Structures are given as C-alpha cells and as structure tokens.
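K.L.:
Sequence and predicted structure are below.
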Amino acid sequence: MKHTRLLPWLLLCALPSLAQSVSYPFRDPSLDLEKRVDNVLSLMTVDEKIDSLDTSGVVVPRLGIAGTPIGEALSGVVLGGPIYSMLSIVPGPTMGRPAPVTPTTQFPQAVGLARTWDKALMHRAGAVIGSEARYIHENNLNAKSFLVLLTPNADLARDPRWGRDQESYGEDAYFNGAMAAPFIRGIQGDDAKYWQAASLVKHFLANSNENNRYGSSSDFDARLLHEYYSVPFRQAFVDGGARSFMASYNAWNHLPLTVNPILKDLAVKEWRVDGIISTDAGSLQNLVMAHKAYPDLEHATAAAMKAGIGMFLTIGEDWKSAVKAALADHLITEKDLDDSLRGSLRVAFRLGLMDPADRVPFSKMKGMANPVESAEHKAVALQVARESVVLLKNQKDSQGNALLPINKMKIHSVAVVGPLANTVLPDFYGGQPPYTVSVMDAIRKTVGSGVAVITNQDKTVEGDAAAAKKADVAIVVVGNNPTCGRTPQELLGSLMSSIAPKASCAVAGEGMESSDRTSLTLAQEDLVKAVYAANKKTVVVLVASAPFAIDWTEEHVPAIVHTSHNGQDEGTSIAEVLFGDYNPAGRLVQTWVKSEDQLPPMMDYNIRHGRTYMYMKSKPLYPFGYGLSYTSFKYGPVKTSADSLAKDGEVTCTVDITNTGTRDGDEVVQMYVRHLGSKVERPIKELKGFERVAIPHGQTRTVTFNLKANELAYWDEVGNRWAVEAEPVEIEMGGSSTDVRGAKTIRVE
C-alpha cells in the first residue's frame, strides 16, 4: 500500500528527466531560434501558457522546462540583505519562513559604481555579478537562484530629491548609457552563442519620483523623450546587448507606460528588443486603482499584453483569473498569449537552459570553487570601492600644505567618530556580502600600533567632540541611512503605501524606494560643526546615497571625502585615500545644488526649466563631473582631425594630458560640446565623451575621442526624425562640466 501511494509522486519527480530524453525539436541547438520557440509554444496547453506569464518565466515540468526566474542585482546578486528579508514576510505560503541566504560580492551602490567613470571596470563588475549568479544556479546553492537580473537601473537622476537616486548612474543621459552598456556586456558574458546571465533593464521610462508614483505622469515633449529620457535605454539595448526591460509605474503624458505604445514602437521595433518585457510590481492593479485607465483588472491585463507585456510582477493581483477572463471575453487570443511568452523563451534559449550541458560553456562552473571567495572577485570589489571615492575638498593652509593625505608618521593620534564610523550600511537592493570593512576597522589596520585611535563610546555629539579635541586629526563619518532605518515589516509597509505621505522617511534628508527626500539638509551637519569646533584639523567622510546641500561644511571644514554605501570594501577604500595609499579620482554624476531653491518643482520633468548641468544657470555647490586629486594635470591644446564635419561624418578629437604633480594618479578627461548656432533650444553643454586615464607623475598621455555628426543631432518633432544642423560647434575638454582646460570650434556642414 505504501509503495502504491508513492508511485504518483515518483512519476511526477521523474517527469523532467523523462522530458529531457524525448527528442522534441526545441531540444535541437542547431535549429533556428524562432523555430525552437514555435515548437515549445505548440506543445504547451493554454493553462501552461497562462502560468508562464509569472516571474518564474516559462515553466513546463512535463517538457523539462524549468523557467528563468528574475532577481535583483544592482550592485551584486541579491540573495540576502534588506529587500530579501522584506520579501520573506510578503503574505503567502512562505510567510514567516527564513529565506535562504547566499553571500555574494557586493559593490558600492549603483551611483558609486558610476562615480568611477571607468567603463572597463564596469565591465569587470558586471562580469563578477553575472558569473556569481550563474555559479549559484549551476551549483544549486540557493533555491531562489535566478539568471534574469533586474539591472541596471537606466532611469535618470534628474532631481536629487528622488528617493531612488542611489540606484541610478546619474543625471546625464549619454553618461548613463555609456556606463550601462559595458556593465551589461559583463553580466551577459562574451560567449558568441550563450549568455552567462541576462540583464533586464529598469524602469522604462522617466521614472524618478516616488511620491504618488503608482499613478503619476511624467510630462515632456518628444524631443526630451528621444534626446534625454530614452537615451540610456537605447544604449543599454543597442550597445550593451540587453534584450529585456521593465515598464515603469508612471505615465508619459498621461498614458501609463505599462500600456504605452512606445514599448513596441521604440523598444521593440526601433531598438530590436525581443526578450522579456515585465510590469513593475503591482502595475496591473495600478492601471485600475491609481491611473484609473481601465474599469477592472481583466481589461487592464488585456491592454498590457497587447502593448507587449510578457511577464507580470504583481503585489497580490489575481492576474491569472484576469487573463482567463480576457480570453473568455475575446479581449485577447491564444496568439496574444504566444506573442507575450516569446520573449521569455528567447531568453531561456540564449541562457542555454534547454541545451545539452556540454554545449553551454557556463555549465563548467558546476563543482568549481566559489568565485565569491576568489582573489579575483575581491580585487574587483576593492578596485571599484577605490575608484568610486570622490575628493570634494582638500584646502591648503597658509604654508601651502593640505590636510590630506594624512602622514601617519607625523601624527600620534587620530579620532574616528560619527554614526557611520563603525558600520557598513547595506543598500535596500544590496545583498549579503562575504565580509565588510568599516572605516574604523580599516583606519586601525592602516595606522597600526604607532598611532592611537580615539573613539567615542557614548554616541553623543559631546562625546564625539571631546574625542576630536584629544587627537591630532579628527575624522568624522556621517551620511544617510539607505533604508531610512526601517525594519523589514516597515519596509514592506512603506512600499505598499508609497502613494501616501506616511511613506516619507523619519529623517527629512533621507530617501529610498517609496520615499522621496523632503530636504537636502544633512541632519548630522550639527555634529560636523561640533567636531570642527573642537579640532580644526577635521576631515569629513560623507557616506551618502545622494547629494546633500553641505554648504557650511564646504565653507569651513578643510577636507571632505565622499563615497556611497553597500560596498564590502567601503572602509578600506576610505582609509587608503585618507592616508595616501590611493590617489582618489572619482567624479560626481549629479549636480550638487546649494539649496532646494535652485531646483524646479519635483514633478516638472521638462529639464529645460533649469534642471541638471545642461540647463541650470545658477552656480552649484559642486558641478557635474567634479572631483579632486592629490596630483595636478596640465592639458594641451584640443586638436581635431579636421576643422569641419560633414553631416554624415566623424571627427577625431585629441588632447595631451600631463601629470605635473608628484604622485601617480588618474584623470577623468571629459569632452563636452556646445551648439553655437542652433535654431532650437539646446543645452548649455553636453557630455559626448569621457575616459579615465592613469598617468604616472611627470608623464603625458594622449586621449582620443571620436565624435560623430549624428551625436550632435536633435529630434525634429515636425519631421519625426533626427536632424543634424549646419552650425559651429565648440568642443571642450576638461576635468568637470565647469573645469574647461581647452576648446576648439569646428563647423558642421
């Protein structure tokens, strides 16, 4: 009797292996991709097709198809950390069960990755993330493993009050795309046939407000659509090779992106995106409840599928019943189901999930040593942390000496104080690192036993000031909390209620998903003032997710170093910079304003109204592209391969950079263009090239950029096309958007 009862269960478990032995056409790797997709769809039942619109992808056990689950990976594979803990308490059959945690390499927040301005390093970081996702999958290390990575976030951080600034690569469209593309290529790998992992880019598009985000509309013209908001996505797909993306919560000009025709018209038809198009979490019900675009979930679901959606990321919506009702009422057909699933199947085939293991190079990871523990991955994590550090200020005294770098041979004591001195805070989308190094830990190791490290145990402002007064140099570590200090339960509650004011963080200067910042003031600047009053040799280490209006600190404190959260080597990189073991060269990827008075209203998406370095006319606290070094660089004259540029041509722009200081260092060479005779309103200037270059002291390097005429085009709304104007264009080279070291004007003909 016992054996009889076990038989059905044994047969069910055997189905996948039995299916593998059946010679279905889709199992033939030599068959055309679309024919393989056709074959799978022809074998699936309607119910199986409906079930496969889930975030697990196409799952058909009887055919041996296991699906392509999605997961977060903005700065490392997320199988642990704040959002992972939060999701473990989502109502459902797994509620209350601890989620299995797998450590993975954790880089600084996405904004920190971007501050490296290093495209080659972005590729290496992407390769680390992609390989670890694949390794975990191949070795079954975690039941929640995934190969479709929800990264990068290509949205533009047009306003520093946006709660998700830290997820973005900054405010410049060209820059964001140029950094996203190599990151994606690293994730997906270099094999000619198979992907290591798949990048699913988010959130398409113009999604940069959290308050009322479920039903808000981002309003701007077609020029800004093509010239600004869509640019990073285009580069992610066309240059980076991503084939999947997530539609955003918001509307564009009052038409929700979840059902907007540009999903197909721009992404699919123009950029050839043919992978997964997913909703954002809860977008289906938002179409009914927040946007009020449809009377019920049935009509909303049908419209989303017609628009191109092929995966439903939901928050409790009964989307399966909605799809079945839409089929029954002839709002959609089975062909619509097939069209929606083709993207998921293409991704599965490109990942090699239905091919023999000996054909797929990444299957060789099975049984290998865990790369998370490898020297190679640790080295990449440390290098990203180093290169992301931005030196904001290093004032010289009356004798011409700067406070940084600190010579540990000339001091006897150093005070290390502040609320972030002895911790590494995870990003909301951060995973579980294999280790973390705090600023305190790293400084102790760096200075050794020869220098006393003075701390404050009572965590009060008075205690920090007293510790600073005893030391030769004071280091005060301040910043924000990336999750606003919320518990997993509170995080879930804030996400579920992000259309309400109660979603705001308790500290006005802090923000995260669901919560825009209500102030740019650094709450801990009073602590900085107290420490500086106690010791004029004070260094501020600002560990922050987004810009702060630190006007007082900039005016008074002699040295300011800035980095972002989440990186496992956060402390090591800071200590190396503070004590001169590494020469910083990170650059800001946003304009840091002096106050909110310099910003247009939050919901004004027309950046021509004074937003970003391209249109802001007042002087900022720190400009886009800004960052200092311990050495100095001299720029030679800007040279071009020709004095004129044909409308379909290209010109080579070069400049010689000499390290005139006493230290080896990196310079981030930035090329901007200014339109001097355009018939339409253009930005004050636009970034069109950048390169991070290592230059030993006393040596010169030649930096070359290729500028194509079509990169100077504007979107002609009347003709619905790109147009290159005949006009003079100035080419500027320098170390930031305001640090112009040389320029040359050429003629576009």
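P.N.:
Received it, and whenever you're ready, just let me know what you need.
K.L.:
element containing residue 346, please.
P.N.:
Applying DSSP states H and E as the criterion places residue 346 in helix 334-350.
K.L.:
immediately after that helix, which helix or strand?
P.N.:
Trace forward from helix 334-350 with DSSP H and E and the next one is helix 375-388.
K.L.:
packing partners for the helix or strand just after that following helix?
P.N.:
Downstream of helix 375-388, the first helix or strand assigned by DSSP H and E is strand 390-394. For strand 390-394, the packing partners by 3 or more CB pairs under 8 Å, 6 or more residues apart in numbering; DSSP states H and E come out as strand 559-563. Glycine gets a C-beta too; all of them are placed from N, C-alpha and C.
K.L.:
what's the angle between the next helix or strand after the strand it packs on and strand 390-394?
P.N.:
The helix or strand immediately downstream of strand 559-563 is helix 570-578, counting by DSSP H and E. Relative orientation of helix 570-578 versus strand 390-394 (axes from the mean of the first three to the mean of the last three CA atoms, to 10 degrees): 40 degrees.
K.L.:
Using PDB, write out the CA atom coordinates for helix 570-578.
P.N.:
C-alpha atoms of helix 570-578 as PDB (Å, rounded to 0.1, in the frame of the first residue of the first chain):
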ATOM      1  CA  GLU A 570      34.000  50.700   1.900                       C
ATOM      2  CA  GLY A 571      36.300  51.200   4.900                       C
ATOM      3  CA  THR A 572      39.400  50.000   3.100                       C
ATOM      4  CA  SER A 573      39.000  52.400   0.200                       C
ATOM      5  CA  ILE A 574      38.400  55.400   2.500                       C
ATOM      6  CA  ALA A 575      41.400  54.600   4.700                       C
ATOM      7  CA  GLU A 576      43.600  54.200   1.600                       C
ATOM      8  CA  VAL A 577      42.500  57.700   0.400                       C
ATOM      9  CA  LEU A 578      42.800  59.400   3.800                       C
END
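K.L.:
to the chain's geometric centre, what's the distance from that helix?
P.N.:
22 Å (CA atoms, centre = their mean, to the nearest Å).
K.L.:
Ok, stretch 652-672 next?
P.N.:
From the chain centre to the centre of stretch 652-672 is a distance of 27 Å (CA atoms, centre = their mean).
K.L.:
was I right about residue 293 contacting residue 287?
P.N.:
Yes. Between residue 293 and residue 287 a contact is recorded at 5.0 Å, counting by CB atoms under 8 Å.
K.L.:
Which of these two has more residues huddled nearby?
P.N.:
Comparing residue 293 with residue 287 by other CB atoms under 10 Å, the one with more neighbours is residue 287, at 26 against 18.
K.L.:
List the contacts of the more buried one.
P.N.:
Shown in contact with residue 287 (CB atoms under 8 Å, 6 or more residues apart in numbering): 256, 258, 259, 293, 294, 300, 303, 304.
K.L.:
On the C-terminal side of the helix or strand bottoming out on mean pLDDT in the chain, identify the next helix or strand.
P.N.:
Across the helices and strands of the chain, mean pLDDT, DSSP states H and E gives its lowest value to helix 2-21, namely a mean of 44. Going down the chain from helix 2-21, the next helix or strand is helix 33-43, by DSSP H and E.
K.L.:
Now do that next one: everything it contacts.
P.N.:
24-26, 28, 31, 49, 58, 60, 63, 65, 338, 341-342, 345-346, 349, 354.
K.L.:
How about stretch 638-645?
P.N.:
651-655, 707, 709, 729, 731-733, 742-744, 746-749.
K.L.:
still on that earlier bit, please convert the buried members of the contacts of helix 33-43 into PyMOL selection syntax.
P.N.:
Under the burial definition 16 or more other CB atoms under 10 Å, those of those that qualify are selected in PyMOL by:
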select buried, resi 24+26+49+58+60+63+65+338+341+342+345+346+349+354
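K.L.:
before we move on, back to that, nearest to residue 691, out of the contacts of residue 287: which one, please.
P.N.:
Distance to residue 691, by CB to CB, is smallest for residue 258 among the contacts of residue 287, at 38.4 Å.
K.L.:
secondary structure class for that closest one?
P.N.:
Classification of residue 258 by DSSP: H, G, I helix; E, B strand; the rest coil places it in helix.
K.L.:
Please renumber the chain so that the first residue is 33 from this point on.
P.N.:
Okay, using 33 as the starting number, the last item reads as residue 290.
K.L.:
Surely it is in contact with residue 317?
P.N.:
No. Residue 290 is beyond contact range of residue 317, at 10.6 Å (criterion: CB under 8 Å).
K.L.:
With neighbour numbers in mind, choose between those two.
P.N.:
Neighbour totals were compared for residue 290 and residue 317, and residue 290 leads with 29 against 20 (other CB under 10 Å).
K.L.:
in stretch 380-398, what's buried?
P.N.:
Buried residues in stretch 380-398, counted by 16+ other CB under 10 Å: 380, 381, 382, 383, 384, 385, 386, 387, 392, 394, 395, 397.
K.L.:
what two of those are the furthest from one another?
P.N.:
Largest separation among the buried residues of stretch 380-398 by CB to CB: 381 and 397, giving 19.1 Å.
K.L.:
need the strands for the stretch 583-732 of the chain, in chain order.
P.N.:
Secondary structure of the stretch 583-732 of the chain (DSSP state E, counting those that start in this stretch): strands located at 591-595, 665-667, 671-672, 676-677, 682-691, 697-707, 718-727, 732-740.
K.L.:
picking up where we left off before, among the contacts of residue 319, pick out the one closest to residue 218, please.
P.N.:
Residue 218 lies nearest to residue 290 out of those, by CB to CB, at 29.5 Å.
K.L.:
what's the closest one in contact with, if anything?
P.N.:
279, 280, 281, 311, 312, 315, 316, 318, 319, 336, 339, 341.
K.L.:
While we're on the fifth one, how confident is the model there?
P.N.:
So that's residue 312. Here, the pLDDT recorded for residue 312 equals 97.
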